[in-house]
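Novice: Fold the following for me, if possible:
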Amino acid sequence: MSIQEWLLLMSHSTCNSQSQLPPALSSLLVEGVAQNTSSGVYAPGVSFFTIVISLYVDDLLVTGSCVQEIEKVKKELMSLFEMSDLGQVSFFLGIEINQSKGEIILCQRKYLSEILKKFKFDGCKSVRTPMNMKEKLVIEETKEEVDERNYRSLVGCLMYLTTSRPDVLFAVNVLSRFLNNPRRSHLVAAKRVLRYLKGTLDYGVLFKSDFEADLVGFADSDCVGSTQDMKSTSGFCFMLGSNCFSWSSKKEELVAQSTAEAEFIATTTAANQAIWLRKILCDLGFNPRIPTQINVDNQAAIAISKNPVFNLMSKFIFKKANKYFISARSFLYGEY
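Specialist: Numbers count the residues shown, from 1 in each chain. Predicted coordinates:
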């Protein structure tokens, strides 16, 4: 069996279409492989096993459902390209991968230790939370300035850390809003994140084997969390069984005039992500058994999603959120 017949390639965000793949590797995917360019997934029409190759520049991760086929993939790739087999993965792009029976733990302990050492926080006292929720960070033109390059470097390091640390994602999202002309209050808040990370050095993401896992989402909004532009921050996470694998925290582009509107925008953002994730899962051969449920803690947003009709309260929400709007009804009530 040739590589064209069973190769399933899932590329990273730096390689989202076949035109962006290395020419030699792209030539292997021309025939016998179904391509989904929107997700960067290349899948063969084979159902009895799955092979996944994750590509980042010149680094490859090979995994799948059959050990023999994985070895066959590696041997054939090594016959076509000059490469080395480093064995079972334990470290990839700054992420430590600890494998044991039935579970995998992803963490960035080494990378985090280097960050703490770089900013001289390796001996600091830890705190229990990454940020003080009672403190609202704003642009302060009259306050004391700090080294802009140092602040950007710190926030940039923290951004990559959110790959395996969703618990600091919201805090890093807020800090990233002040990369231009940061003030002392912003630097103090960034240092608090480092102090929190110092006490949670071993934290990471745990993945357990779950053969009957369903895709479930959670969405929320802080409702006018940014007092200067009156915009809210939306957040969501998705789980397969007990495994959290997708998360996001981002300021909404629209100014919400009510809690229901802010929550509804967060829900539609999560619904868009759910559609994309379902396509990815289908391309990988894991067809979701049931509609994806998105959990929201706002009754008004749920009511609007359940019955998306125009009325005095909702017509402005639909008009402003038209660019985002995908009714969550299909996910909440089983019509997807």
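
Novice: Could you check how far stretch 275-284 is from the centre of its chain?
Specialist: Relative to the mean C-alpha coordinate of its chain, stretch 275-284 is positioned 14 Å out (CA atoms, centre = their mean, to the nearest Å).

Novice: Now do the buried residues in that stretch.
Specialist: By neighbour count, and taking 16 or more other CB atoms under 10 Å as the criterion, the buried residues in stretch 275-284 are Leu277, Arg278, Ile280, Leu281, Asp283. For the C-beta atoms, the positions are set from N, CA and C on the backbone; glycine is no exception.

Novice: again, but for stretch 60-80
Specialist: In terms of neighbour count (16+ other CB under 10 Å), stretch 60-80 has its buried residues at Leu60, Val62, Gly64, Glu69, Ile70, Lys72, Val73, Glu76, Leu77.

Novice: what two of the buried residues of stretch 275-284 are the furthest from one another?
Specialist: Greatest spatial distance in the buried residues of stretch 275-284: Leu277 and Asp283, 10.7 Å, computed using CB to CB.

Novice: quick revisit: narrow the buried residues of stretch 60-80 to those in strands?
Specialist: Helix and strand membership here follows DSSP state E; of those, those in strands are Leu60, Val62, Gly64.

Novice: Mind picking the one among the residues you listed that's closest to Ser113?
Specialist: Checking these one by one against Ser113 (CB to CB), the nearest turns out to be Leu60, at 26.6 Å.

Novice: How much space separates the closest one from Phe121?
Specialist: Leu60 sits 35 Å away from Phe121, taking CB to CB, to the nearest Å as the criterion.

Novice: again, but for Ala256
Specialist: Applying CB to CB, the value for Ala256 to Phe121 is 36 Å.

Novice: Looking at those two, which one has more neighbours?
Specialist: Between Ala256 and Phe121, counting by other CB atoms under 10 Å, Ala256 is the more crowded of the two (23 against 18).

Novice: Ile105 should be in a helix, yeah?
Specialist: No: assessed with DSSP: H, G, I helix; E, B strand; the rest coil, Ile105 is strand; it does not lie in a helix.

Novice: That one touches Lys208, doesn't it?
Specialist: No: in this structure Ile105 lies outside contact range of Lys208 using CB atoms under 8 Å: 9.9 Å.

Novice: So which residues of this structure form strands?
Specialist: For the chain, the strands identified by DSSP E occupy 9-11, 34-36, 41-43, 51-56, 59-64, 91-92, 95-100, 103-107, 204-208, 215-221, 233-240, 243-251, 293-296, in order along the chain.
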